[in-house]
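> sequence plus predicted model, see below.
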Amino acid sequence: MDDIRIDKIVRSRRRTIALVITPEAQLIVRAPLRAPAAMIDEVIREKSGWIRKKIAEMKQRPQTIVHAYEEGEIFWFLGRPYPLHIADGMGTAIERTDRLCVSRALLPDIRNRLKRWYVEEARKEINARCMWFTMTTGYTPSSIRITDASERWGSCNHRGGLNFSWRLIQAPLEIVDYVIVHELVHLRQPDHSRKFWTKVREIMPDYERRRKWLRENERLLRT
């Protein structure tokens, strides 16, 4: 166990100890408020084989993209790669053709302006897809918000509102649809029980394939 490092311990009012391996191959321990260190060590010892296996898997997956915002650099939108093109004579526009064209005037603040563009595109596309699945399933959220979340692609709050990270819009549409269906089902089934996954499968029979893609490629979307 000497080669296993705990990167973070998160204590809360939970009753059990849970181990999480992040996309960055870090070990996060979620523990009850009063759980002693010896109990945490014992759980890690029992799960040491699983921990090593998951960390190795994460290290083999695609690395998080760090953008330099240079001509020709690839930006993803709905699963398609778009080379960045810095253009003159566009005012302050951003346009998506066969390339992602950004006005040269935006260069001083290109990171924030591109993020705003992604947020607006995500709002339009995700709202439209939510409306479609709402009509086909009858599951109706009280609100839909686009957030800056970097760890969760979607979430459902206690008031029936759905939240989606703008980063999700970089993924293929079928992956966006999977996350939307996942959160819509939470409106009826708040946990991840067998009943929850049965409902997801009824709407999306191949959800497991989509879920697997997201797990294996999520670092590509964490820009």
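That came through, no problem.
> only C-alpha atoms from now on, for both contacts and neighbour counts.
Noted.
> I'd say Lys59 and Glu24 touch.
Yes - if you go by CA atoms under 8 Å, Lys59 and Glu24 touch, sitting 7.4 Å apart.
> can you list residues touching both of the two?
Counting by CA atoms under 8 Å, 6 or more residues apart in numbering, Lys59 and Glu24 have no shared contacts at all.
> where's the residue of the chain positioned farthest from its centre relative to Ala105, distance?
Most distant residue from the mean C-alpha position of the chain: Gly89, 35.3 Å away (CA atoms, centre = their mean). From Gly89 across to Ala105, the span is 9 Å (CA to CA, to the nearest Å).
> cool, Arg152 as well?
Counting by CA to CA, the gap from Arg152 to Ala105 is 33 Å.
> so between those two, which is more surrounded?
Ala105 (16 against 13; other CA atoms under 10 Å).
> next, give phi and psi for the nearest residue to that one once chain neighbours are set aside.
Spatial nearest neighbour of Ala105, chain neighbours left out: Thr92 (6.1 Å); criterion: CA to CA, 6 or more residues apart in numbering. Per-residue torsions, Thr92: phi -120, psi 40 (degrees, to the nearest 10).
> and the one 4 residues further on, by the same measure?
Backbone torsions of Arg96, given as degrees, to the nearest 10, read phi -110, psi 110.
> can you count the residues close to it?
Around Arg96 there are 13 residues (other CA under 10 Å).
> how close does it sit to Trp117?
Arg96 is 10 Å from Trp117, by CA to CA.
> quick one, what contacts the residue nearest in space to the middle of the chain?
Residue closest to the average C-alpha location in the chain (CA atoms, centre = their mean): Trp153, at 3.1 Å. Listed by CA under 8 Å, 6+ apart, the contact set of Trp153 reads 164-165, 167-168, 179.
> got a pLDDT number for it?
At Trp153, the model reports a pLDDT of 94.
> tell me the buried residues in the helix or strand hosting Ile86?
Assigned by DSSP states H and E, Ile86 belongs to strand 80-87. By 16 or more other CA atoms under 10 Å, the buried positions in strand 80-87 come out as 82-87.
> widest-spaced pair of those residues?
Tyr82 and Ala87 (14.4 Å; CA to CA).
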